[in-house]
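Asks: Give the three-dimensional model of this entry:
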Amino acid sequence: MKKILCALFLFTASFTYAQSEQDIDKLHETAQTFLRQGDHENAILVLTKAQQMQPNNLQINKDLLFAYYVKRDFAKAMEIGRPLVARADADVQSFQMLGLTFKSVAEDKEAEKLYKTGLTKFPNEGILYSEYGDLIANKEPERAQKLWEKGIEVDPNHSSNYFFLSRQYSQKGDIVWSILYAEMFLNMESFTARSTEMKNLLLDQYKKFFIVGYKPPVDPDPKKKKKPTILFPSAVAETLNMQQAQVAYGVTPETLTVIRTRFILDWYNKYASTFPFKLFEHQRQLLQEGMFEAYNFWLFGPAANLKTYQTWQQFHQAELNSFLAFIRSKVFKIPEGQQYHPM
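Replies: Purely as a prediction, here's the structure:
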């Protein structure tokens, strides 16, 4: 009899636990639907109920933090976020969301302390380097730059560090790196508001490059028998500068298609084995697949002249559709060991 009662108790307890788990999952799913719909109040209501049932559920607490953040109730977001990041199982998103909350209320010291703690725990997470750099960029641009470059070194496939660095280098006049990072960003994050900004910046930087031109570094000791080792950005600038004649009538999507086609051919004749680089491999593949013109018009057309781009699109819709299907189906992934910018 005791064995029967014990078995019955265990069954009942297991059933109750399973039912509770199902209830939590249903509440969580409902709350996430409200969040996607922008109904933050209902999301908070449902998540609070779920939190009462499972106070230590990490994902529910994270979603509740996020719901309060997007509702701009930063006091409640911090109330939830502080104990969340102190947990042993706190993940990168926990640090990221609390950091954004601190930045929203100008708690810069708290945010910096948080990012330092987060990077100690997650030293290879690019998102923390990008957020930390963004926090200090106005006051300490050089340190922010180092953080973003470190983010690329440890996590080369996180897009935000390329975004921030491309803007930073454009402001400093480091045109080659601004061009490279802008285009790399656009192949990682292709259809967002930030991608529109990067397309405008990329076209602008190409114009500046051909206005300024490239001056090769002067050898301080020309009598040396051994030639100085050329650096990656100098190799890029030298190869690109060979196309100066193509911009006699301006820097347009048409001329850039020609320039960048010849650049890839010249690069693979001279520097590809010395400097393997995913972006140039990607461009070469698009050339071989017959999609390079569509790629260049997608990159530069809207920024150069939207009306002209729309006219081009009418006559090249099939090529553009093929290219868009290609980039949506393929992940632009950068291998480690191709980070040529000095730290």
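Asks: How are the strands of the stretch 1-150 of the chain distributed by residue range?
Replies: Listed from the start of the chain, the stretch 1-150 of the chain has no strands (DSSP state E, counting those that start in this stretch) to report.
Asks: For stretch 98-113, buried residues please.
Replies: Of the residues in stretch 98-113, those scored as buried under the neighbour-count criterion (16 or more other Cβ atoms under 10 Å) are 98-103, 107, 110-112. The C-beta positions use only the backbone N, C-alpha and C, and glycine is treated the same way.
Asks: and if you look at stretch 296-309?
Replies: 296-304, 309.
Asks: Name the residues that touch that stretch?
Replies: Contacting residues not belonging to stretch 296-309 are listed as 183, 186, 196, 199-200, 202-203, 206, 252-253, 256-257, 260, 312-313, 316, 320, 323-324 [Cβ atoms under 8 Å, 6 or more residues apart in numbering].
Asks: got it, and stretch 82-90?
Replies: The contact list for stretch 82-90, computed with Cβ under 8 Å, 6+ apart, reads 58, 61-62, 65, 94-95, 98, 114, 117-118, 121.
Asks: how far is it from where the chain is centred?
Replies: Chain-centre distance of stretch 82-90: 25 Å, with Cα atoms, centre = their mean, to the nearest Å.
Asks: Next, the buried residues of that stretch.
Replies: Within stretch 82-90, the residues scored as buried using 16+ other Cβ under 10 Å are 84-85, 90.
Asks: State the distance from Ala235 to Asp23.
Replies: Summarising the geometry, the distance separating Ala235 from Asp23, computed by Cβ to Cβ, to the nearest Å, is 61 Å.
Asks: Tell me who's in contact with the most centrally placed residue in the chain.
Replies: When the chain is reduced to its mean C-alpha position, the nearest residue by Cα atoms, centre = their mean turns out to be Ser159, at 1.5 Å. With contacts taken as Cβ under 8 Å, 6+ apart, Ser159 has the following neighbours: 185, 188-189.
Asks: how much space between Leu135 and Tyr340?
Replies: Taking Cβ to Cβ as the criterion, Leu135 is separated from Tyr340 by 26 Å.
Asks: So between these two, which is more surrounded?
Replies: Counting neighbours by other Cβ atoms under 10 Å for Leu135 and for Tyr340 shows that Leu135 has the greater number, 21 against 14.
Asks: Now do the contacts for the more buried one.
Replies: For Leu135, the contacting residues are 99, 103, 108, 111-112, 115, taking Cβ under 8 Å, 6+ apart as the criterion.
Asks: Please state the backbone phi and psi of Ala88?
Replies: Summarising the backbone geometry of Ala88 under the convention degrees, to the nearest 10, its torsions are phi -60, psi -30.
Asks: For Lys121, see how far away it is.
Replies: When distance is defined by Cβ to Cβ, Ala88 is 10 Å away from Lys121.
Asks: Only C-alpha atoms, please: export the helix or strand encompassing Ala294 in CSV.
Replies: Assessed by DSSP states H and E, Ala294 sits inside helix 292-304. Taking Å, rounded to 0.1, in the frame of the first residue of the first chain, the C-alpha atoms of helix 292-304 are listed here in CSV:
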residue,chain,number,x,y,z
PHE,A,292,28.9,41.9,-60.0
GLU,A,293,27.1,44.7,-61.8
ALA,A,294,23.9,44.1,-59.8
TYR,A,295,25.9,44.0,-56.6
ASN,A,296,27.5,47.4,-57.4
PHE,A,297,24.2,49.0,-58.4
TRP,A,298,22.7,47.6,-55.1
LEU,A,299,25.6,49.1,-53.2
PHE,A,300,25.9,52.5,-54.9
GLY,A,301,22.7,53.1,-56.9
PRO,A,302,20.3,54.5,-54.3
ALA,A,303,23.0,56.7,-52.7
ALA,A,304,24.2,58.1,-56.1
